[in-house]
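**Q** predicted model, plus sequence, below.
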Amino acid sequence: MRAVFRIWSTIKPYWRRLALACACLLAGTALDLTIPWILRETIDIGLAGGRPHFMVTVGLIVVGIGVARALFSSGQRYMSEWLSTRVAYDLKNRLYRHIETLSFSFHDRAQTGQLMTRCTGDVNAVERFASMGLLEVVYITVMTAATVVILFAQNARLALIALAPFPLLIVLTVRFGGLMRRRFNAIMQAIGKLNTILQENLIGVQVVKGFAREPFEIDKFDHQNQDVSQQRIAVNRYFSVNMPAMSTIIFISTVLILWFGGQQVLAGTMTVGTLVAFNSYVTMLSMPARRLGFFVNMLSEALASAERIFELLDEPIAVQDRPDARPLGRLEGRVTFDQVSFRYAHSDEYVLREVDLEAEQGQVIALLGKTGSGKTSLVNLIPRFYDVTAGRVLVDGTDIRDVTLRSLRLQIGIVLQESRLFSATIRENIAYGRPDASDPEIVAVAKAARAHEFIMEFPDGYRTEVGERGVTLSGGQRQRVAIARALLLDPRILILDDSTSSVDTETEYLIQQALRTLMQSRTTFVIAQRLQTVTNADQILVLDQGRIAQRGRHEALLEEGGLYKEIYDLQLRDQERLRRELMQLGGLFEDRRMQTVRGGAGLFDGASG
C-alpha cells in the first residue's frame, strides 16, 4: 500500500485531468448501463407488443448513445494518456536528477544497466498504470456496484443465484495478483542484468574483439536473455491458466441465469425481455470481473516497478551541501589535510590513515605508491567526491564541508589518464565547464593545450562531432581537449594523472607541453608516473597502506632510501638512464653538426635542417 500511495503522490498534482478522465468514464459507463434496459423495452414492448415505430425510435436512441459514448471515450483516452505521459516525464526527471546528485559511493556499487532499466522499463510500467490502472479501478468499482444494484432491483432471488460463483472469482484474482507481483519483480531484475551485460559489452567492444571473446559474450548474453524469456513465459503461463478459469466462472453464472430465469419465464413471473436484460447485465458484470484480472496484472507490474523506482529515489545522498554552506570565494590554492582518515561505504578497512599534508599555493605535489596505497582516494577527497571519515580537508584554511559543492568544484580542474568526452562538438566539450565561453576564449585555451592545430584539420573545425565517448579522436587528442576544458575553467587547484604511456612520443611531448601550461601558478596534485614530474615536484608523498611513508624532494628521498628508492629502482631509474643517453646523444649530434657547419661537409650534411 505504501507503493500505491507513493504512485498516487506522483499523480495527485494533476488531479483535475484525472477528474475529467473519470467524468468521461462515468458518463460512458452510465450510457452502457442503459443498453440492457433499452433491449428489454424493445423485446417486451416493440416485439411482443407489435409496435414497429417504437423500435425505430429505440434504434435512433441507440445511435445517439453510440455517438455520445464515442465522444466520452475519446475525452477519457486523451486525458488519461496526457496524465500518464506527464507522470512518466516527472518520474524520469526525478530519477535522473537524483542519480546525478548521488555521490561516488553509490555509483561505485551501482550497475549502469539496472539504473537504465529503472529509468525506462520501470517508469513505463508505472506510466501504463497511471494511464489505465486508476481508471480501471473506477470502472470496475462503478460498473460492479451499479450492475449489482440493478440486478437485485430486478430480481433479488435470481441475482443471488447468478452472483454465487463470484466470490471464487475474487479469491482467484487476489491470488493471481500476489503471484504476478513477485514475477514482475523478477522480470525487471533480469532485464536490468541483461542491460548491464549489453552496456558493458558495447563500451568494451574493443577488449572483447581484441581477446576474441565474441562467442563467450554472445553466450553470456543469450543465457541472460533466456532467463528474461523464461520469466516472461512463466507470467504468461499463470495468465493463461487464470484467465480461462475466470471466464469459466462467468459462464457458470450465465447457465444459472438461463436455468432458473427460464423457469420463471415459463411460469409467467418474468418477461422474456427482463430475462435477456438480466443476462446482459450479468454479462456486463463479467467485463469488470475479467478486467479485474488485467488490472491485477498491471498493478502487480506497476507495484514491482514502483518499489524499484522509490528504492532508488530513497537512496541517501552521502555528499551534499550543508544547510549553512556558503559559496567559496576565489581561491589562492592552499590545500591542507588535517589528520585525515577515510574508508569507503560498506567497508570496515581504512584506505587512508591519519594523513597530514600542507600544499602551498602554486606547489606541485607528486603522489607515488604501489597499487592500492591510497593515491586516488587522497585526490578524490579534495573535490569532495567522498567525505572524510575522520579529520578535515581545508582549502585556504576553510573546511571544504562548509562551502557549497559547486563553488568548490568549479575551482578544481581534473585531467585523468582516461579523458571522458561527450557526444557533442569539440567546442561544446571544451566549454563544458563554462557554456557561456566565447569563441576567442575557446580557441585560446585550445592553442595553449596544443589542440588547435589538429582541431583545424577537421573539415568542421571546432564544430566537429566527437562521437560517443569521443571515439572520433585519438587518445592523445582526447587528452588535449580535456586539458583545454580544464584550462577554460581557470582552476586554482589541479588533479592530474601523469601517465602518457598509451601515446606516441610526439603526442606525449605535446601533452606535457600542454600540462606545463596548465600547471602554471596552480596548486597541482599529480599521480606521478614520470621521472620528470617527480624530480620537478615541490613535494613528493610516498603512500604505503594509506599512510604517508615518506615525503620530501627527489634527491633527499633517494639518499634516505626506503620505499621511495624501491619505487625509483623499479619504475623510474630506466627513465633517468634513457634521459641521460638521449642527452649524450643530443650533445654528440650537436658537436658533429657544428663540425659540419664549420667544415662545409660531413656525415650530417643535408640533415642539419
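**A** That came through, no problem.
**Q** helices and strands around the helix ranked longest in the chain, which ones?
**A** For the chain, the longest helix by residue count, based on DSSP state H, is helix 214-267. For helix 214-267, the elements it packs on are helix 156-163, helix 166-203, helix 272-313, judged by 3 or more Cβ pairs under 8 Å, 6 or more residues apart in numbering; DSSP states H and E. Where you see a C-beta, it was placed from the backbone N, CA and C, and this is true even at glycine.
**Q** how far does that helix sit from the chain's center?
**A** 34 Å (Cα atoms, centre = their mean, to the nearest Å).
**Q** between it and helix 272-313, how many degrees?
**A** Interaxial angle of helix 214-267 relative to helix 272-313 (axes from the mean of the first three to the mean of the last three Cα atoms, to 10 degrees): 150 degrees.
**Q** looking at the helices and strands packed on helix 214-267, which is buried most?
**A** Mean neighbours per residue, mean count of other Cβ atoms under 10 Å, is largest over these for helix 272-313, with a mean of 21.
**Q** and that one, how far out from the chain middle?
**A** 32 Å.
**Q** same check on stretch 117-130?
**A** On Cα atoms, centre = their mean, the centre of stretch 117-130 falls 13 Å from that of its chain.
**Q** kindly report the same for stretch 255-273.
**A** 62 Å.
**Q** residues in contact with that stretch?
**A** Stretch 255-273 has contacts (Cβ atoms under 8 Å, 6 or more residues apart in numbering) with 39-45, 48, 155, 158, 161-162, 164-165, 275, 278-279, 282.
**Q** try it again at 6 Å.
**A** Contacts of stretch 255-273 from elsewhere in the structure, counted by Cβ atoms under 6 Å, 6 or more residues apart in numbering, are 40, 43-44, 158, 161-162, 275, 279, 282.
**Q** got it, and stretch 356-365?
**A** 332-337, 521, 523-525, 537-539.
**Q** domain parsing for this protein?
**A** Listed by automatic domain parsing, the domain ranges of the chain are 2-313, 339-573.
**Q** now these in TSV, with distance to P327?
**A** Listed next are these as TSV, based on distance: least, Cβ to Cβ, whole Å:
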stretch	distance to P327
domain 2-313	18
domain 339-573	4
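**Q** deepest of those, which one?
**A** By mean count of other Cβ under 10 Å, the domains of the chain have domain 339-573 as the most buried, with a mean of 18.
**Q** per-residue confidence averaged over that domain?
**A** In this model, domain 339-573 has a mean pLDDT of 84.
**Q** helix/strand/coil for V340?
**A** strand (DSSP: H, G, I helix; E, B strand; the rest coil).
**Q** and it, what does it touch?
**A** 352, 355, 388, 391 are the contacts of V340 under Cβ under 6 Å, 6+ apart.
**Q** going by distance to H53, which of these wins?
**A** The closest of these to H53 turns out to be V388 (Cβ to Cβ; 91.1 Å).
**Q** part of a helix, is the closest one?
**A** No: read with three-state DSSP, V388 is coil and lies in no helix.
**Q** do you know how far it is from W37?
**A** 76 Å (Cβ to Cβ, to the nearest Å).
**Q** in TSV, list the contacts of V340 along with secondary structure and distance to M188.
**A** Listed next are these as TSV, based on DSSP: H, G, I helix; E, B strand; the rest coil; distance: Cβ to Cβ, whole Å:
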residue	secondary structure	distance to M188
L352	strand	38
V355	strand	43
V388	coil	37
G391	strand	42
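**Q** let me know the closest of the residues you listed to L408.
**A** V388 (14.0 Å).
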